[in-house]
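In: everything below, folded, please.
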Amino acid sequence: VLESMKTKLRNAENSKATIREALERKCGELLSLEVQVVDERLLHKELLHASENKQCELNSEFAEAMNKLVFYEGVCSRLGVELSEAKEALSRGARKRQPRQHDRG
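Out: This is a model prediction of the structure:
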């Protein structure tokens, strides 16, 4: 009976050691997964931050381009007015220079 109890005790100790080893492995796996999750969260935050920075940069470039567009639209409009005025002045000048039929005489 004593030997049987010693054998059962050894088996229980072996089972306890096996269970402890399995738990330690699982704990190691869980810690590894936690580290991986933290790394992925940090990477996600970095990507989000980079994306926000790029969006700000693009918004700034877009605003600058729009300002240039408005400026050049103004320049084109002024040049159009000046061109119309120059054409009108040339037209008036050409009319003044044309000899009249009855002046040739």
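In: C-alpha from now on. contacts and neighbour counts both.
Out: Will do.
In: counting contacts, what elements does the helix or strand where residue 67 lies pack onto?
Out: Element membership for residue 67, per DSSP states H and E: helix 2-97. Taking 3 or more C-alpha pairs under 8 Å, 6 or more residues apart in numbering; DSSP states H and E as contact, there are no helices or strands that helix 2-97 lies on.
In: what mean pLDDT does that helix get?
Out: Per-residue pLDDT over helix 2-97 has a mean of 94.
In: off-centre distance for it?
Out: Distance, stretch centre to chain centre, for helix 2-97: 5 Å (C-alpha atoms, centre = their mean, to the nearest Å).
In: offset the numbering so it begins at 20, please.
Out: In the new numbering, first residue 20, that becomes helix 21-116.
In: what does stretch 58-68 rub up against?
Out: For stretch 58-68, contacts defined as C-alpha atoms under 8 Å, 6 or more residues apart in numbering pick out no residues.
In: what do you get if the cut-off is 10 Å, keeping everything else the same?
Out: Outside stretch 58-68, the residues within contact range by C-alpha atoms under 10 Å, 6 or more residues apart in numbering are 52-57, 69-74.
In: turn those residues into a markdown table, including distance to residue 81 and neighbour count.
Out: Output for the contacts of stretch 58-68, formatted as a markdown table (distance: C-alpha to C-alpha, whole Å; neighbours: other C-alpha atoms under 10 Å):
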| residue | distance to residue 81 | neighbour count |
| --- | --- | --- |
| 52 | 42 | 12 |
| 53 | 41 | 12 |
| 54 | 40 | 12 |
| 55 | 38 | 12 |
| 56 | 37 | 12 |
| 57 | 36 | 12 |
| 69 | 18 | 12 |
| 70 | 16 | 12 |
| 71 | 15 | 12 |
| 72 | 14 | 12 |
| 73 | 12 | 12 |
| 74 | 10 | 12 |
